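Enquirer: Predicted model, plus sequence, below.
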Amino acid sequence: MPTQRYAVTQPPIETVLTWIKSGEIAIPEIQRPFVWNATKVRNFLDSLFQGFPVGYLIAWRNPNIKLKDGTLSSGKRILIDGQQRVTALMASLLGQEVVNKNYQRVKIRIAFNPKEKRFEVTNPAIEKDSSWLPDISLVFSPHTSLFELVNRYCERNPDTTTDEVFKSIELLKRITSNQIGLIELDSELDIETVTEIFIRVNSEGVALNQADFAMSKIAVNETYGGNMLRKAIDYFCHMAVNPEFFNVVKNDAVFARSEFFNRMAWLGKENDRLYEPSYTDMLRVAFTSEFKRGRLEDLVALLSGRNFETRQYEEAIVEDSFSRLKQGILNFVNETNFQRFIMIIRSAGFVDSSLLGSQNALNFAYILYLTMRGQGIPPAEIERYVRRWYVMTVLTGRYSGDPEGTMDYDIRQIHTQGVQAYLDGLIRGELSETFWEVALPQALNTSVASSPYFRVFQAAQVKLGDRGFLSKDIGVRELVEIRSHVHHIFPSDYLKKKGFARGQYNQIANYVVAQSEINIAIGNKEPKVYFQELLAQCQGGPKKYGNITDLQELQENLAMNCIPDGMEKMAADDYEEFLKKRRKLMAEKIRTYFESL
């Protein structure tokens, strides 16, 4: 029979709050925004008051750590589920401030009506209403005299009796005597098991990932600056999406005095939305580039002090791990690193976030950039390898299956074989003749507009300076940047009327990037009709589609957009053959583009 690796207890809420105040239980989210609104806090308190169940808290005990003097330090419990509930109690009952979504410290005031035994969110009307106690934290304050509080209340409410109000207040105070379920997980449990337990117990079935655990480990460690490191990660992610958030960050007086603040202040003036990393992305890049490992569960273990050889936990490893992770984060947020990396991705034709599909591919490209820069490799070489690696990984879906395992393998091989040797060998193997001539044309047989192959095709057109379909002067780059819609060469309405299904007429080989007015002019005409009119336009006829009036210029434009010959003769019966020809031409363009990187 398996050994039970957890303990279930039901301590009173008062005990849990005491543990938190004394540091026995650490709340990793305490410096992050409190996502419950005041109404939800009120409902939670009412459930406790009514004696209703409010779910379990889940704590995971940190392993005992070997200190530098050889003694053992007992690990704290980290609260990994129930943080919002406990924070709600601390805010409403103890009067502690919480951090709102704007990272401002605010109080949540909950009122109680002793006569009706009812809770409400405090508002100006309640504050003026003598039948309400506007802030229940006063009831729980050790400095409050309940005798005086009850007497004042009865004076303001002559229709009440002292005995009646005392009983109501005692029922309110009894909230902290209510028991709450606590599942305490053994320190030896691995992340996968803890995650499984979390999902099974959590009523919403929300999964935690390794990044969540890593962020918890970071946030609760004040000895080595984890709480400030956690803020740096959070703040950077917010500013990457919304530069105006800098105004919130600079109002955090403590953080504004840290070295992180000056390192990331540049982001407050930055409007480039190409790479918007989440905290998971930041952790992955910082950890993998600095530790030469790809699995975030290893980061969790290292931040806990795990010695992978002895399987013991040591304080020296905790200290070293926090120091290295901090350096990795500083490298990540460095203005020169971040902006040069974005410049490299843009230089490969990915000028708009709509062309970026795989976040993992982008993350590893940044890992590669930081690794090569750390090794002192010349900038021109870094640019070339990062561009080629990024495009290769997008085309092959390298990080779509087991991203952590693949990243772990790649970073280890890069450091074992050397960057250039490993990258050159892998690119040759992945992008062989068979890939270009067989696999890629087959991969282009899809109706998914967000396909990575179509995104790379558009990036190729941007990089090679192609103009939009039938455009004389406007480039694909401009059309992509203004989020121009893709259009059908064989109009979708035309193909529908000919009996083609959605998956057939929406093939990406039927897509071009074109100006809306050209698409409108084409309407639902079959190709042989509007292509014959195009030819006539280039021979002095009326201008119906754009401004191209020269036959050679038209042929160049069609070649740029991989349009096969003979379109002036094509109708619905030729559609499948058209798709085959165009897929081959698109694959050839992507290859030409890749070889130019």
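Expert: Received, thanks.

Enquirer: So what's the residue count around residue 413?
Expert: Counted by other Cβ atoms under 10 Å, the residues lying close to residue 413 total 16. In this view, the C-beta of every residue, glycine as well, is placed from N, C-alpha and C.

Enquirer: Point out the other helices and strands that the helix or strand where residue 595 lies packs with.
Expert: Using DSSP states H and E, residue 595 maps to helix 575-596. Counting contacts by 3 or more Cβ pairs under 8 Å, 6 or more residues apart in numbering; DSSP states H and E, helix 575-596 is packed against helix 379-396, helix 440-443, helix 452-463.

Enquirer: try it again with 10 Å
Expert: Where contact means 3 or more Cβ pairs under 10 Å, 6 or more residues apart in numbering; DSSP states H and E, helix 575-596 is packed against helix 379-396, helix 440-443, helix 452-463, helix 502-505, strand 511-513, helix 551-560.

Enquirer: Nearest to residue 427 among those would be which one?
Expert: When these are compared by Cβ to Cβ, helix 379-396 sits nearest residue 427, at 5.3 Å.

Enquirer: which outside residues touch the next helix or strand after that closest one?
Expert: Under the assignment DSSP H and E, the closest C-terminal helix or strand after helix 379-396 is helix 403-417. Identification of contacts with helix 403-417 by Cβ atoms under 10 Å, 6 or more residues apart in numbering yields 210, 284-285, 287-289, 291-298, 358-361, 363-364, 367-368, 371-372, 375, 389, 393, 398-400, 402, 419-426.

Enquirer: mind listing the helices for the stretch 251-400 of the chain?
Expert: Here the stretch 251-400 of the chain has its helices, by DSSP state H, counting those that start in this stretch, at 253-256, 259-264, 279-291, 296-303, 315-333, 335-347, 359-374, 379-396.

Enquirer: Spatially central residue for this protein, please.
Expert: residue 278 (3.5 Å; Cα atoms, centre = their mean).

Enquirer: Would you confirm that that residue contacts residue 284?
Expert: Yes: between residue 278 and residue 284 a contact is recorded at 9.4 Å, counting by Cβ atoms under 10 Å.

Enquirer: what sits in contact with each of these two?
Expert: Contacts common to residue 278 and residue 284, judged by Cβ under 10 Å, 6+ apart, are 211, 359, 363.

Enquirer: Kindly indicate the member of the residues you listed with the most neighbours.
Expert: The most crowded member of those, judged by other Cβ under 10 Å, is residue 363 (24 neighbours).

Enquirer: Now do the same for that one: its pLDDT.
Expert: At residue 363, the model reports a pLDDT of 97.

Enquirer: contacting residues for it?
Expert: Counting by Cβ under 10 Å, 6+ apart, residue 363 touches 275, 277-278, 280-285, 288-289, 399, 403, 407.

Enquirer: Filter those residues down to the buried ones and hand me the PyMOL line.
Expert: Burial among those is assessed by 16 or more other Cβ atoms under 10 Å; the matching PyMOL selection reads:
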select buried, resi 275+277+280+281+282+283+284+285+288+289+399+403+407
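
Enquirer: now, among the contacts of residue 363, which is nearest to residue 127?
Expert: Nearest to residue 127 among those, with distances taken as Cβ to Cβ, is residue 278, at 40.5 Å.

Enquirer: And that closest one, how far from residue 359?
Expert: 8 Å (Cβ to Cβ, to the nearest Å).

Enquirer: same deal with residue 80?
Expert: 25 Å.

Enquirer: Also residue 47?
Expert: Distance from residue 47 to residue 359, by Cβ to Cβ: 39 Å.

Enquirer: Could you do residue 132 as well?
Expert: According to Cβ to Cβ, residue 132 stands 49 Å off from residue 359.

Enquirer: try residue 395
Expert: Residue 395 sits 16 Å away from residue 359, going by Cβ to Cβ.

Enquirer: Residue 340 too?
Expert: Note on residue 340: its distance to residue 359, by Cβ to Cβ, is 19 Å.

Enquirer: any low-confidence regions in the stretch 201-350 of the chain?
Expert: 201-208 (pLDDT under 70).

Enquirer: now with 90?
Expert: Applying pLDDT under 90 to the stretch 201-350 of the chain picks out residues 201-223, 227, 234, 237-254, 268-274, 278-279, 297, 300-301, 303-315.

Enquirer: Give me the buried stretch members for stretch 260-278, please.
Expert: For stretch 260-278, using 16+ other Cβ under 10 Å, the buried residues are 260, 261, 263, 264, 265, 266, 267, 270, 274, 275, 277.

Enquirer: got it, and stretch 429-439?
Expert: The neighbour-count check on stretch 429-439 (16+ other Cβ under 10 Å) flags 431, 435, 436, 439 as buried.

Enquirer: Any chance of TSV for those, columns distance to residue 332 and secondary structure?
Expert: Listed next are the buried residues of stretch 429-439 as TSV, based on distance: Cβ to Cβ, whole Å; DSSP: H, G, I helix; E, B strand; the rest coil:
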residue	distance to residue 332	secondary structure
431	29	coil
435	32	helix
436	35	helix
439	34	helix
